[in-house]
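A.B. asks: Turn this into a model:
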Amino acid sequence: MTPIMQLQSRALSRRSFLVTAGGFGVAVAFGSLADLAHGAAMASAAEGDFRPNAWITIAPDGTISIIAPAVEMGQGITTTLPLLVAEELDADWSRVRVVQAPSDAETYGNPGFYGIQLTGGSESTRGYNALLRLTGAQTRLVLLAGAAGMLDVPVSELVTEPNRVMHPSSGRWLDYGEIATRAVLPDPLPQATEADLKPSDRWRYLGSRTIRRIDVPSKINGTAVFGIDVQLPDMLYGAVLRAPVQDERPESIDDAEARDVPGITHIVPLSYGVGIIGETVEATRRAKDLLKVTWSTTSPVRNYTSQRLLEEYRAVGRDLGQRGVPAHTNGDAEAAIAGAASVIAVDYMSDHVAHATMEPMNATALVSGDRVEIWAPTQGPTGTQGFAAEVVGTTPDKVKVNTTLIGGGFGRKAEADFIIDAVSLAKAVEGRPVKVIWSREDDVRHDKFRPLEAQHVKVGLDAEGNIVGWRHRIVADSIFARTLPPVFAEAGGHDDVVTEGAKFNYAVPAHQIEYLRQDNGLAIGFWFAVGVGYTRFAIECVIDEIAAARGVDPVALRLELLKDQPRARKVIETVARMAEWDRAREGRGLGLAYSDAFGSHCAQVAEVSLNRETGAIRVHKVWCAIDPGVAIQPLHIEAMMMTGITNGTGHALFEQINVIDGEVQESNFDTYRVIRMSEAPDIEVAVVPTPGSPFGGIGQAGLPPTGPAIANAVARLIGGVRLRHYPFTPDRVKAALNG
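C.D. replies: As a prediction, the model looks like this:
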């Protein structure tokens, strides 16, 4: 979604070392952390008072505190990013403590993500890696310089080992803690450039299969603090009744029965609903159910019926007279297709899907005059500050955000609606903290769903079946028009999240992508892999359709189209070997799909069977080959692929939100169908890194190929039956079988 921040050779001045992007320096500290673990651990705060730098603190006992600037929501980033620092610093990982960054975008903002604190887009490692590696390297140089003064030897005679500086010729050495206690910061500070970074053959931690995620132990023993776990003195609880149709407002409120519920302290009218504050969660829930509200009836969302609109979207995609915003143009695809020997023209569609995070939306807020403090499982501390300030009428710098662990995000907790709830209610009882917890029904009905979308793909083939032109039209509403209007406007009305993944690395002579925005009022949002999840569905299924039309093997066709893409070919060849692609299975079919999204290359093969009577698809196994460029944590990469594949299987087969006249029909897991443990496929993952390549994103890379691999497997199993509409519900499968 945003450019990868590439490592650049550059010198760092003293000022930039201490100030720019939080400073590339060392914090020499006094203090200690008594309990040392076999691996790094999480800590609530860095020890010590002297901190000339915002990233690293070294205590006299050698404990090193490293700030984690991104948010932990199960993707392991609080291990990955500090590990980059520790590697270049030559820190002893067992003596590292990781501290969650405070809300301070100027210091901790992601250079690859508009400079703000926002975790998403598989952008954390790609955005922060250069900054953090140089931070570690620069700090190591400072320690070497300090040790040289203490030992009275030239810096050139010193080397580092984990947590100490060695003078090999004399056998003397100094622990980092001793240097931090006694050394004087050199002036000017040593400079660090890319040349000071370790070559990969000297890495101790990066690429190791022995490093474990530091957030897991507390999640196992129950000491982990998620947003929903926050407890504060004198805390109240809150709930909000929202309109059944988005953007309606309360016109009259009968709260007599609600106020009589024991424990209820306040009923708070809001512009978008009614807030309830009480002494217990149970009281607020009961009072909420007793409210009698007359809602306005003017919202344009009342005209929103998803299945009707989806058919309209498909018609828009097919109507080539309706021009969209160009998203990518290479050659004259229209002319090439017009002169083609044959044409494949198909439509692919996707329903809305919900996030359904394990931890529902929640936040705790305390308002004291023009000051606000928030405890929340938020992906976006910067946005949280801005929205909270707007509610209270203060400035973002007066809003402190304490970011907790997140029990599932997938983009949903980058939103601010649950933050606004907590701050609005806390404002009504100034001086007392209020925790708002959404019910699962609220969580599903008032989600910011993945866009409803239709895609029209038109491909021209010459007489030999070679692609001469590819035209891809994506019809959907915009996420950025709501969440980042300046970015949307600057792009000329193009939303590169909605169209993400449509641009591929297959070699075609003419390729055109258009975005046709449909504005029907429903607020849509970021969802696991967002656009890539459905654009790759269309692309990879069309590739298989072309292979069938040519009578060639789908693996062979992809390798032909990727002849100049060695990393892509590697993952496809690897996964084909893993799955024994050419071996026939009785009653089962194999399907292949590939994606190069988020800077990583991922290929998957799905093995499926189909019950023709019921239309139910069973995914038995998925093989996956992933090339992340640099594999920082191979075990973690494998786990993230399993997460993406499981999620991808569920959303391809089951997940579906239906909106009728503006009202969401699903409300809980009895109506919003998610994958069950018994339905999860066996998964086999091979991590095949390419040393020297850029750092790729991993958080979302596993999902996009899964759905098309399943669809392609069904087509190969059942003689070309094509599934072109997510999810592949049994009725849709039976309709396809009946042709």
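
A.B. asks: what stretches of the stretch 151-300 of the chain score poorly on pLDDT?
C.D. replies: For the stretch 151-300 of the chain, no stretch is flagged by pLDDT under 70.

A.B. asks: I'd say D61 and Y176 touch.
C.D. replies: No: using Cβ atoms under 8 Å, D61 is not in contact with Y176, being 9.8 Å away. (Each C-beta comes from the backbone N, C-alpha and C, glycine too.)

A.B. asks: okay, the two: which has more neighbours?
C.D. replies: Y176 (32 against 18; other Cβ atoms under 10 Å).

A.B. asks: Please report how far the more buried one lies from G648.
C.D. replies: 44 Å (Cβ to Cβ, to the nearest Å).

A.B. asks: For L118, which residues are in contact?
C.D. replies: Listed by Cβ atoms under 8 Å, 6 or more residues apart in numbering, the contact partners of L118 are 110, 379-383, 414.

A.B. asks: tell me the pLDDT at it?
C.D. replies: On pLDDT, L118 comes in at 97.

A.B. asks: please begin residue numbering at 42 from this point
C.D. replies: Okay, using 42 as the starting number, the last item reads as L159.

A.B. asks: and it, which of the three is it?
C.D. replies: Put simply, L159 is coil when judged by DSSP: H, G, I helix; E, B strand; the rest coil.

A.B. asks: What of I385?
C.D. replies: Per three-state DSSP, the local secondary structure of I385 is strand.

A.B. asks: Please determine how far it is located from A693.
C.D. replies: According to Cβ to Cβ, I385 stands 22 Å off from A693.

A.B. asks: the more surrounded of the two?
C.D. replies: Neighbour tally, I385 and A693, criterion other Cβ under 10 Å: the higher count belongs to A693, 26 against 18.

A.B. asks: still on that earlier bit, S312: which of the contacts of L159 is nearest?
C.D. replies: Distance to S312 across the contacts of L159 (Cβ to Cβ) is lowest for G424, with 19.2 Å.

A.B. asks: if I pick that closest one, what's in contact with it?
C.D. replies: Taking Cβ under 8 Å, 6+ apart as the test, what G424 contacts is 157, 159, 455, 457.

A.B. asks: now these in JSON lines, with distance to V196?
C.D. replies: Conversion of the contacts of G424 to JSON lines gives the following (distance: Cβ to Cβ, whole Å):
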{"residue": "I157", "distance to V196": "38"}
{"residue": "L159", "distance to V196": "39"}
{"residue": "A455", "distance to V196": "45"}
{"residue": "A457", "distance to V196": "49"}
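
A.B. asks: ranking those by neighbours, who comes first?
C.D. replies: Compared across those, L159 has the highest neighbour count, 24 neighbours, by other Cβ under 10 Å.

A.B. asks: Please report how far the residue lying farthest from the centre of the chain lies from P195.
C.D. replies: For the chain, the largest distance from the centre (Cα atoms, centre = their mean) belongs to S211, which lies 50.1 Å off. As for S211, its distance to P195 is 12 Å (criterion: Cβ to Cβ).

A.B. asks: Determine the residues that are contacts of both of these two.
C.D. replies: Contacts common to S211 and P195, judged by Cβ under 8 Å, 6+ apart, are absent.

A.B. asks: Any regions of this structure where pLDDT drops low?
C.D. replies: Along the chain, segments meeting pLDDT under 70 span 42-79, 89-93.

A.B. asks: how about 50 then?
C.D. replies: For the chain, the stretches with pLDDT under 50 are 42-78, 91, 93.

A.B. asks: in the stretch 592-741 of the chain, which spans are helices?
C.D. replies: Along the stretch 592-741 of the chain, counting by DSSP state H, counting those that start in this stretch, helices occupy 595-602, 607-619, 675-694.

A.B. asks: go on, the stretch 142-291 of the chain?
C.D. replies: For the stretch 142-291 of the chain, the helices defined by DSSP H, counting those that start in this stretch cover 146-149, 165-192, 217-223, 257-262.

A.B. asks: May I see the ones you listed organised as TSV, with distance to D536 added?
C.D. replies: Output for the helices of the stretch 142-291 of the chain, formatted as TSV (distance: least, Cβ to Cβ, whole Å):
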stretch	distance to D536
helix 146-149	23
helix 165-192	20
helix 217-223	47
helix 257-262	35
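
A.B. asks: middle-most residue in this protein, spatially?
C.D. replies: By Cα atoms, centre = their mean, the mean C-alpha position of the chain lies nearest to G161, the distance being 3.7 Å.

A.B. asks: my guess is S106 meets W96, correct?
C.D. replies: No: using Cβ under 8 Å, S106 is not in contact with W96, being 9.2 Å away.

A.B. asks: who has more neighbours, those two?
C.D. replies: Comparing S106 with W96 by other Cβ under 10 Å, the one with more neighbours is W96, at 30 against 24.

A.B. asks: contacting residues for I613?
C.D. replies: I613 makes contacts with 596, 599-600, 603, 633, 635, 644, 666, as judged by Cβ under 8 Å, 6+ apart.
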